[in-house]
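Participant: sequence first, then the predicted structure, then my questions.
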Amino acid sequence: MSINGKVALVTGSTSGIGLGIAQSLARQGVHLTLNGFGDAEAAKAAVLAVALSGVRVDYHGADMSRPDQIEDLIRHTEASFGRLDILVNNAGIQHVAPIEEFPVERWDAVIAINLTSAFHTTRLALPGMRARNWGRVINIASAHGLVASANKSAYVAAKHGLVGMTKSVALETATTGITVNAICPGWVLTPLVQKQVDARAAAEGVSVEEAKKALLGEKQPSLQFTTPEQLGELAVFLCSEAASNIRGAAINVDGGWVAQ
């Protein structure tokens, strides 16, 4: 079954992984609502540049830490396009610190945006999906949803929680035409990760390429970054009929990170 003409919402999609997923869906003829704090017009233009003819791209600037704004985001999408078929929960933030030094407000923000927002979008999108007996919920978790790293307690807790929620909702929808799965990337060369690479290069007095190799060498045996395009194509597959009995999976795309 083609997903041409379906409607998707991708949270956190003005750059990086979310934008890559939105572009992959648009290439298949999927109409989209984008969301995020980045340059909305540039993101819309980037999606439309690769979209099939006739694809509509909308934007809603909901703050994903605010339940009232999340509800408005879902209702806006349903009102604009008539339905919501594909939900990609990608919005996320990071903060790094030892737990005894972790600011309480940063913990609350990471949990709210990385985990609780997906609870709200999912609970609000599912009734329409159930009514049509078709839907796809794709949660962008992380290798840190499967294993941990020091100084990332909030992020690891949120991503483990997202994987657990994925499994639970997949069981709740197991006899329907709705599937719920998680994608767990390792290192992806997004603008945020590039900033980490640049900072490391400056701090250690090495080239950017050397900093990339050092970063990858600590966790990712392939020594290659995953790309947003690769994650986008996996999301497209999970929306396909071929993936209709993949339910509650946490698919790691991590260059061997969690195989160690």
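Facilitator: Alright, I've got the coordinates.
Participant: burial count for residue 254?
Facilitator: Residue 254 has 24 neighbours, counted by other C-beta atoms under 10 Å. Placement of C-beta: from N, CA and C, glycine included.
Participant: show me what contacts it?
Facilitator: With contacts taken as C-beta atoms under 8 Å, 6 or more residues apart in numbering, residue 254 has the following neighbours: 143, 184-187, 220, 226.
Participant: export those to TSV and tack on secondary structure, neighbour count and pLDDT?
Facilitator: As requested, the contacts of residue 254 are exported to TSV (DSSP: H, G, I helix; E, B strand; the rest coil; neighbours: other C-beta atoms under 10 Å; pLDDT from 0 to 100):
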residue	secondary structure	neighbour count	pLDDT
143	helix	24	98
184	strand	25	98
185	strand	26	98
186	coil	22	98
187	coil	23	98
220	coil	19	98
226	strand	23	97
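Participant: closest to residue 36 among these?
Facilitator: residue 185 (17.2 Å; C-beta to C-beta).
Participant: right, and the closest one touches residue 227 too?
Facilitator: No - with contact defined as C-beta atoms under 8 Å, residue 185 and residue 227 do not form a contacting pair (9.8 Å).
Participant: save the contacts of residue 254 as a markdown table, and put in distance to residue 176 too.
Facilitator: Shown next, in a markdown table, are the contacts of residue 254 (distance: C-beta to C-beta, whole Å):
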| residue | distance to residue 176 |
| --- | --- |
| 143 | 29 |
| 184 | 24 |
| 185 | 27 |
| 186 | 31 |
| 187 | 35 |
| 220 | 36 |
| 226 | 30 |
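Participant: which one of those sits closest to residue 208?
Facilitator: For the contacts of residue 254, the nearest to residue 208 is residue 187 (14.5 Å; C-beta to C-beta).
Participant: residues in contact with that closest one?
Facilitator: Contacts for residue 187 (C-beta under 8 Å, 6+ apart) come out as 193, 215-216, 219-220, 225-226, 254-255.
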